[in-house]
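Novice: Return a 3D structure for these sequence lines:
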Amino acid sequence: MVHAAALAFFTGLSFAPLLVILISIAGMIGTDVQGEIVDEVGFPEGVVNMVHGSRDVVNAMLDHPDIAGISFVGSTPTARHIYRKCGETGKRVQALGGAKNIVAVMPPVSGSTEPPAS
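Specialist: Okay, the predicted model is just below:
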């Protein structure tokens, strides 16, 4: 299973050679981890950009003529707004309404990591 936010991240990279991630206050932990992975992978500086903001930043991104596409994971009302605005401005869009960003914290594996014999 692919996590919706991870899917949006990689789909966003397929839109254009530049990715801007608007960090939600509700999902900052997962996005911070994605940022660390981006740093470890070694993307050139400026290819992946993370910004903080809310409705005003979203609307500025939706109206900006140099942004070719939007990939969104979040509430259905916001997904509908983004989908509608992208249609009006001719942007490519992936709007995953009703999706959840889930973080699972599990204890370390103890014992053998080999699968049991059948």
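Novice: For the protein, which segments count as helices?
Specialist: 4-15, 28-41, 55-63, 76-89 (DSSP state H).
Novice: Lowest average pLDDT across the ones you listed?
Specialist: Lowest mean pLDDT of the helices of the chain: helix 4-15, a mean of 57.
Novice: okay, Ile23: pLDDT?
Specialist: pLDDT for Ile23: 68.
Novice: just use 14 as the starting number from now, easier for me
Specialist: Shifting the count to begin at 14 puts that one at Ile36.
Novice: Based on its surroundings, how many neighbours for Ser88?
Specialist: 14 (other C-beta atoms under 10 Å). Where you see a C-beta, it was placed from the backbone N, CA and C, and this is true even at glycine.
Novice: Contacts only, for it.
Specialist: Taking C-beta atoms under 8 Å, 6 or more residues apart in numbering, we find Ser88 in contact with 110-111.
Novice: how near is it to Gly48?
Specialist: 23 Å (C-beta to C-beta, to the nearest Å).
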